[in-house]
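> Build me a model from this:
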Amino acid sequence: MKNQTPIIQLKGLGKEFTGSQGTVRALENIDLEIMSGEIFGIIGLSGAGKSTLVRCMNFLEVPTEGEVLFEDRPLSKMTDRELRETRRSMGMIFQQFNLLAQRNVVDNVCFPLEIGGMSRKEARVRAEELLELVGLKDRAGAYPSQLSGGQKQRVAIARAMATNPKVILCDEATSALDPNTTKSILQLLKDINKSHGITIVMITHEMSVIEAICDRVAIIDQSHIAEIGEVTRVFAEPKSRIGRQLILGDAVPKAEFGTGRLFRITFDGLASSEPVISNVVLACKVPVNIMYAATRDMKGTAVGQMIIELPDNDQDVEKVVRYLRRAKVPYEEVGKNDL
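Take a look at the predicted model:
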């Protein structure tokens, strides 16, 4: 986390939509603080309310209840002019890029500046600076139809930065891209966050995006925030049912268990190169059956969980437990119904 000062605060936020099928509650009682300078992720399954949540942050969707504060100022109390100015401080990029097909690259980036009243000459200078930042200076005269998906998203990022925003809201910004292009776009956003201090909010359904770029994450489930915390903590030990489903998958309940005793090992700070299970076997001379593992290498640190089965022998179990305790590896004994 980069800063302890919240730039966006959601307090008791709720959103309902009324249509021919009746009233649908998209968000309910959302309390959230996003700190200045951090990269904050919001993840959930399709239909959980992620996109509605991010659109409430800049009042593209007006909440039914609760409040949104930007730099301690409630958006609901702002005049139309003040709200427009605030939105200029919150750039937005989308899954489908939303570029203007009839405008070339530099004119797409100029567009929000022209709307804001900047002269065309000044807007072009600013746009060319931003295109150089995103690596597309040589494509200034190209049209969206002549660009790859990754290039289109780079143009969208340059356009979002045109008004010098303090926040960039990314709504599934990498969902339409292949893995390599996604990696390059995430690195670009990470560089922008570091060099410009811009707060980034990532809305996604992809765990790999959260893992690659975010400082903290909120998991949203059925219109509620199910869990929130630093990414390494949430990935290492998800507390909510939806968190375990998203991060660990469905393999644990489906595993075939033997007659031994089960232990959950939590990786939350060990070097990812440390062979914990091999060391247990060598040091304790006890066979270990790995029932399930969901671990990741995050910047050289192992995070995640592993379920192991030990022989139903008190002496063998005590050897392994003593070793884990000495090695400062978090563990707990579990039953099948606890997973």
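> gap between the residue minimising distance to the centre of the chain and residue 212?
Closest to where the C-alpha atoms of the chain average out (Cα atoms, centre = their mean) is residue 41, at 2.5 Å. Applying Cβ to Cβ, to the nearest Å, the value for residue 41 to residue 212 is 10 Å. C-betas here are computed from N, CA, C, even on glycine.
> And for residue 46?
21 Å.
> Check residue 74 too.
Using Cβ to Cβ, we find residue 74 at a distance of 33 Å from residue 212.
> Can you name the residues that contact residue 190?
By Cβ atoms under 8 Å, 6 or more residues apart in numbering, the contact set of residue 190 is 39, 213.
> Kindly export whatever helix or strand it lives in (C-alpha atoms) in CSV.
For residue 190, the host element (DSSP states H and E) is helix 179-196. Extracted C-alpha coordinates of helix 179-196, given in CSV (Å, rounded to 0.1, in the frame of the first residue of the first chain):
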residue,chain,number,x,y,z
PRO,A,179,-1.9,-13.4,-22.1
ASN,A,180,1.3,-11.8,-23.5
THR,A,181,-0.5,-8.6,-24.3
THR,A,182,-2.2,-8.6,-21.0
LYS,A,183,1.2,-8.9,-19.3
SER,A,184,2.5,-5.8,-21.2
ILE,A,185,-0.6,-3.7,-20.4
LEU,A,186,-0.4,-4.6,-16.7
GLN,A,187,3.3,-3.6,-16.7
LEU,A,188,2.4,-0.3,-18.3
LEU,A,189,-0.3,0.4,-15.7
LYS,A,190,2.2,-0.6,-13.0
ASP,A,191,4.8,1.8,-14.4
ILE,A,192,2.2,4.6,-14.6
ASN,A,193,1.2,4.0,-11.0
LYS,A,194,4.9,4.2,-9.9
SER,A,195,6.0,7.1,-12.0
HIS,A,196,2.9,9.3,-11.8
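> Following the chain past that helix, name the next helix or strand.
Sequence-wise, the next helix or strand downstream of helix 179-196 (DSSP H and E) is strand 199-204.
> I'd like the next helix or strand past that next one.
Per DSSP H and E, the first helix or strand lying C-terminal to strand 199-204 is helix 207-213.
> how about that next one: buried residues?
207, 209-213 (16 or more other Cβ atoms under 10 Å).
> before we move on, the earlier item: how far is the helix holding residue 190 from where the chain is centred?
Centre-to-centre, helix 179-196 and its host chain are 13 Å apart (Cα atoms, centre = their mean, to the nearest Å).
> residue boundaries of the strands in the stretch 151-300 of the chain?
Counting by DSSP state E, counting those that start in this stretch, one finds strands in the stretch 151-300 of the chain at the ranges 167-171, 199-204, 216-221, 224-230, 261-271, 289-298.
> Output these in JSON lines; the columns should cover distance to residue 112 and mean neighbour count.
What follows is those, written out as JSON lines (distance: least, Cβ to Cβ, whole Å; neighbours: other Cβ atoms under 10 Å):
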{"stretch": "strand 167-171", "distance to residue 112": "13", "mean neighbour count": "24"}
{"stretch": "strand 199-204", "distance to residue 112": "18", "mean neighbour count": "24"}
{"stretch": "strand 216-221", "distance to residue 112": "28", "mean neighbour count": "23"}
{"stretch": "strand 224-230", "distance to residue 112": "31", "mean neighbour count": "18"}
{"stretch": "strand 261-271", "distance to residue 112": "42", "mean neighbour count": "18"}
{"stretch": "strand 289-298", "distance to residue 112": "35", "mean neighbour count": "16"}
